[in-house]
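Undergrad: Just the structure for this:
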Amino acid sequence: MKTKYSLGALFCMVATLSWGGMFPIMTSALKHIDPFNFTAMRYSIAGLAFLVVLLFREGPQALNLKGERVGLVWFLGTAGFAGFGFLVFLGQQLAGPTGALSASIVMATMPMLGLLVGWIVKGAKPPILTLGFILLSFTGVILVITNGNIGALLSRPQSFAAYAPLLLGALCWVVYTIGASYFPTWSAYRYTTITTMLGLTSIFTIDFILTMVGYISVPTVSDVIIVTPHLLYMALVAGLIGVLSWNMGNKIITPLNGVLFMDIVPVTAFTVSTLTGIIPSEMQIVGACTTGIALILNNLYQRQRMMRMAMTSAQPG
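TA: Sure thing, here's the model as predicted:
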């Protein structure tokens, strides 16, 4: 049992390490290509890889959507891949050199955002203590974004434009993740592949519209060649390996324990960014630690709460 748990923990660590590394990598890629075209190319590669895996594991019948809620699947795929891919990396680009650090911290609030979305969608109201941890986690995010100078953010609200997409992108991924519960009979392979494929229809449509209105331009061959290593990492490491490792790890150790590993994302991003010469300030480190502490405390509280509920329900009479 201990060996199996260790394997699950290893899978989760592999996933979050790959996700933490993708933000510093995107810092370089976004100098050569816009986040919209990059997202289209990234998920085209990842989608093909997921399709191969699905066909190998479940066969062509897994692609049959007869009788399924195709509209809902399309919406979730659009939120998860178009919404997340466009908004998060647009926000990182707008945030400038420290965008990788800000993006990674915002991603670490996903467990808290999940509680809020669950409250709204399913009526699962979180306890007061959990709401306090949510507030604490966002306090950490604000410290990272503002470098401790919250007054500057309030006096120059236009600067928030660089960070609003990050929170919206994180919210899109939370909606996508929770959406899997509406397809309980689908495997993780099927849900990931079909939502990616349908999400790509939205990605290509939005890309086409933005190109037609002149907001973005078709990338040059030289730019594509330059970002090819970044594309391969984002599609195959952060995409294929990261997502599958995360799903397998959480299946073993349960999401309640697996969510703790999300703290590795900002730690990895901070480490990689430091190695590339972008040093986080003391206040940004304080903010990152604040968010991490909030996530850990909430996880410990949730586990104790579930244990008390289990003990109460097990008592006779």
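
Undergrad: Under a three-state scheme, what state does Lys66 occupy?
TA: Taking DSSP: H, G, I helix; E, B strand; the rest coil as the rule, one finds Lys66 in the coil state.

Undergrad: wait, what's in contact with it?
TA: For Lys66, the contact set (Cβ atoms under 8 Å, 6 or more residues apart in numbering) is empty. The C-beta positions use only the backbone N, C-alpha and C, and glycine is treated the same way.

Undergrad: Return the distance of it relative to Tyr43.
TA: Going from Lys66 to Tyr43 by Cβ to Cβ, to the nearest Å gives 25 Å.

Undergrad: go on, Val213?
TA: Separation of Val213 from Tyr43 (Cβ to Cβ) stands at 22 Å.

Undergrad: more crowded one of these two?
TA: Legend: neighbour count by other Cβ atoms under 10 Å for Val213 and Tyr43, higher for Tyr43 (26 against 8).

Undergrad: Can you list the low-confidence ranges for the stretch 101-250 of the chain?
TA: Under the criterion of pLDDT under 70, the regions of the stretch 101-250 of the chain flagged as low confidence span 124, 145, 150-160.

Undergrad: could you redo the last one with a cut-off of 50?
TA: Per-residue confidence of the stretch 101-250 of the chain (counting by pLDDT under 50) places no residue in a weak region.

Undergrad: how about the helices of the stretch 151-300 of the chain, start to end?
TA: Listed in chain order, the helices of the stretch 151-300 of the chain (DSSP state H, counting those that start in this stretch) span residues 164-179, 188-212, 221-232, 242-253, 255-258, 264-275, 282-314.

Undergrad: Let's have these in TSV, adding mean neighbour count and distance to Val53.
TA: Written out in TSV, the entries for the helices of the stretch 151-300 of the chain read as follows (neighbours: other Cβ atoms under 10 Å; distance: least, Cβ to Cβ, whole Å):
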stretch	mean neighbour count	distance to Val53
helix 164-179	21	19
helix 188-212	19	6
helix 221-232	15	17
helix 242-253	19	8
helix 255-258	17	21
helix 264-275	21	24
helix 282-314	16	30
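
Undergrad: between those, which one is nearest to Val14?
TA: Counting by Cβ to Cβ, Val14 lies closest to helix 242-253 out of these; the figure is 4.4 Å.
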